[in-house]
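Engineer: any chance you can model this:
(chains A and B, ligands or ions: 2)
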Amino acid sequence: MALTYAPVRTRAQRPAISARKKKRSFLPPRWLSPIVLILLWQLASSTGVLHEDTLASPVKVAGVGWELLLNGELIEALAVSGQRVAIGFLIGAVVAIVLGVITGLSRVGDAVLDSPLQMLRTLPFLGLSPLFIVWFGIDELPKVILVALGTLFPLYLGTYAGIRNTDAKLIEATRVLGFTRTEQILHVVLPGALQQTLVGLRQALGMAWLALIIGEQVNANAGLGFMINNAREFLRTDVIVVGLIVYAVLGLGSDVLVRFIERRALQWQPVLTRTSRSS
Amino acid sequence: MATGVDQDLAVQLTGLTKRFGERTVLDGLDLRIAPGEFVALLGRSGSGKSTLLRVLSGLDDEVDGDVHVSGPVAMAFQEPRLLPWRRVLRNVSLGLHRADAEQVARKALSEVGLATHEKAWPLTLSGGEAQRVSLARALVREPRLLLLDEPFGALDALTRLTMHRLVDELWQLHGPAVLLVTHDIDEALLLADRVLVLDSGRIVGEHRPPVGRPRRPAELTYLRSRILHNLGVTA
Ligand SMILES: Nc1ncnc2c1ncn2[C@@H]1O[C@H](COP(=O)(O)OP(=O)(O)O)[C@@H](O)[C@H]1O
Ligand SMILES: [Mg+2]
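Structural biologist: Ligands and ions are numbered 1, 2, ... in the order given. Modelled structure (predicted):
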């Protein structure tokens, strides 16, 4: 009997355009499975399998969410939390990229800075929250610093690894071509590091939201965490869920933003070889 | 110094020795290349051809002996080594420190037949196209010495034939001295004024194909077998 094999092609080998089309027609849209899950949840609530004190139904949650939106509570909480994460993220990102570029480009910087950073990285930074309260009090500062730390390490590592993985053959080629050191950094090292930096950026954003949530659990008197904690006192699972959903939407939103940035910044890559898609 | 330096020569190497630790890869090698001369270099894998080119291109200066190369020097590698995140035109023009960099890059691209590809991303090019961009990038530097390190080694036979003609044309047009490293004897005989064989760190053979161009394969059979013998291959 003759065996026939379908030609095996990896995703990277497929021509970009037809792969795009194929993807559309074969894969269900990304939003489908969450919708199904929500429907199942509603079903469980309506049939009484899921009690309201345990978890409010989606319909109830939606109603309360709408209410909180209209009376301005949600917006205010969002503004406070959003500010914390934005400031913390910005500080963390700037420090991460500066440190990553320094350690990536300079041997001295690497020798001096990298090992302490690698050591710090192994600390469970979310566990530092109590220490930060001792050091920085209970206002905005410990929350912002926690977010900054959460951002710092993944982004630092991505930037550093991206730069360190510079293709030596390209550096060699550009040396023969008469590139200045600045041109090499600008046109070889940094663009080459971008992909891994963006992977780091995505992890950093995830960490930033996590750090925000942990930071807000303790002693917040405003913001999403405060709203959730407050609701806990009154067993308002609906408000808690609204808070969680807002966290999730924010996380998702930032992920979409990074994907957009990736698509713009990495447009030189054939569409389906982008590693971050599969990570 | 025993030999004087002839400033007119494109390359003048005297007693070039290169060691990697204990291992001597180039061992007192002498080489002279006249301006505009097309030289092909054959040699077994690991015989030091790339090492020699790295010395000539200035990538490696930790050597003994006298090295005189009159620049500018340009080089094309076996892999095109284009910057994947810069479009084709920028790949050719980057690092050219002159005001009309973009214009000359465009001209070079049209010389290699890729005028319509200037906005393409390198990863979308075929192997032959990418290699032509690499060639344009080297030529746009107006080199006096063009180093080619097995630039067609990874191409299919048909594309290689096209590339041979292109290199020949471009050489006649721009007139740089060329040192072409290849493992393809026929390619060497077809293109070069002089075919050198590298072995044990020295040039051990020198052959001159008939002067006329284009060359007919029939004329080259005898030379071919002598070079094979030179390379230690017994037919
Ligand atoms: N950076 C290096 N360090 C140590 N050995 C090297 C290095 N570069 C090349 N060599 C050695 O030098 C020899 C010649 O290499 P190469 O010039 O690349 O050969 P070819 O191009 O003729 O195939 C090989 O044995 C190789 O292992
Ligand atoms: Mg080689």
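Engineer: how about the helix ranked longest in chain B: buried residues?
Structural biologist: Assignment by DSSP state H gives helix B:157-174 as the longest helix of chain B. For helix B:157-174, a neighbour-count test (16 or more other C-beta atoms under 10 Å in any protein chain shown) marks B:Thr159, B:Arg160, B:Met163, B:His164, B:Leu166, B:Val167, B:Asp168, B:Leu170, B:Trp171, B:His174 as buried. Using the backbone N, CA and C atoms, a C-beta is placed for each residue, glycine as well.
Engineer: contacts for it?
Structural biologist: The contact list for helix B:157-174, computed with C-beta atoms under 8 Å, 6 or more residues apart in numbering or on different chains, reads B:38, B:111-113, B:126-128, B:131-132, B:135, B:139, B:142, B:146, B:148, B:151-152, B:155, B:178, B:180, B:184, B:187, B:190-191, B:213-214.
Engineer: now do the helices in the chain.
Structural biologist: As the question left the chain open, I've gone with chain A. Counting by DSSP H, one finds helices in chain A at the ranges A:16-26, A:32-46, A:58-70, A:73-105, A:107-109, A:115-122, A:129-136, A:140-164, A:168-176, A:181-184, A:190-217, A:224-233, A:237-265, A:275-278.
Engineer: ah, no, chain B please
Structural biologist: Going by DSSP H, chain B shows helices at B:49-56, B:88-93, B:101-111, B:127-139, B:157-174, B:185-191, B:221-230.
Engineer: of all the ones you listed, which one is nearest A:Gly104?
Structural biologist: helix B:88-93 (23.3 Å; C-beta to C-beta).
Engineer: how about residues contacting the closest one?
Structural biologist: When contacts are taken as C-beta under 8 Å, 6+ apart, the neighbours of helix B:88-93 outside the stretch itself are B:82-83, B:101-102, B:104-106, B:108-109, B:114, B:117-122, B:125, B:133, B:136-137, B:140.
Engineer: any weak-confidence spans in chain B?
Structural biologist: With pLDDT under 70 as the threshold, chain B has low-confidence stretches at B:1-5, B:234-235.
Engineer: quick one: the spatially most central residue of it from B:Met163, how far?
Structural biologist: Taking C-alpha atoms, centre = their mean, the centroid of chain B lies closest to B:Leu148, which sits 2.1 Å from it. Shown here: B:Leu148 relative to B:Met163, a distance of 10 Å by C-beta to C-beta, to the nearest Å.
Engineer: same question for A:Gly150.
Structural biologist: Shown here: A:Gly150 relative to B:Met163, a distance of 53 Å by C-beta to C-beta.
Engineer: now swap in A:Ala161 and tell me
Structural biologist: Distance from A:Ala161 to B:Met163, counting by C-beta to C-beta: 37 Å.
Engineer: how about the residue nearest to the centre of chain B, what does it touch?
Structural biologist: Residues near B:Leu148 by C-beta under 8 Å, 6+ apart: B:Met75, B:Ala76, B:Val167, B:Val178, B:Leu179, B:Leu180, B:Val181.
Engineer: repeat that for A:Gln217.
Structural biologist: Residues counted as contacts of A:Gln217 (C-beta under 8 Å, 6+ apart) are A:Gly225, A:Asn229.
Engineer: give me the spatial nearest neighbour of B:Val104, chain neighbours excluded.
Structural biologist: B:Val140 (5.5 Å; C-beta to C-beta, 6 or more residues apart in numbering or on different chains).
Engineer: any idea how many residues pack against that neighbour?
Structural biologist: Other residues within reach of B:Val140 by the criterion other C-beta atoms under 10 Å in any protein chain shown amount to 23.
Engineer: then A:Pro154?
Structural biologist: When neighbours are defined as other C-beta under 10 Å, A:Pro154 has 22 of them.
Engineer: kindly report the same for A:Ser115.
Structural biologist: The number of residues packed near A:Ser115 is 11, by other C-beta under 10 Å.
Engineer: hmm, back to that, in ChimeraX, select just the buried ones from the contacts of helix B:157-174.
Structural biologist: Buried residues within the contacts of helix B:157-174, as defined by 16+ other C-beta under 10 Å, are selected in ChimeraX through the command that follows:
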select /B:38,111,112,128,131,132,135,139,146,148,151,152,155,178,180,184,187,190,191
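Engineer: how close does the closest residue to ligand 1 within the stretch 1-150 of chain A get to B:Ala218?
Structural biologist: Using C-beta to the nearest ligand atom, the closest approach of the stretch 1-150 of chain A to ligand 1 is made by A:Arg107 at 19.0 Å. Distance of A:Arg107 to B:Ala218, given as C-beta to C-beta: 58 Å.
Engineer: give the contact list for A:Lys60.
Structural biologist: For A:Lys60, the contacting residues are A:Ser45, A:Glu52, A:Asp238, taking C-beta under 8 Å, 6+ apart as the criterion.
Engineer: whoops, I mixed them up, B:Glu206
Structural biologist: B:Arg194, B:Val195, B:Leu196, B:Val197.
Engineer: just to revisit the earlier point, of all the contacts of B:Leu148, which two lie farthest apart?
Structural biologist: By the measure C-beta to C-beta, the contacts of B:Leu148 have their two most distant members at B:Met75 and B:Val167, which lie 13.7 Å apart.
Engineer: if we can go back for a sec, and which of the contacts of B:Leu148 is nearest chain A?
Structural biologist: Among those, B:Met75 lies closest to chain A (C-beta to the nearest C-beta), at 4.7 Å.
Engineer: run a quick neighbour tally on B:Thr17.
Structural biologist: B:Thr17 has 14 neighbouring residues, counting by other C-beta under 10 Å.
Engineer: these two touch, right, it and B:Leu26?
Structural biologist: Yes. The pair B:Thr17 / B:Leu26 is scored as a contact, 5.8 Å apart, by C-beta atoms under 8 Å.
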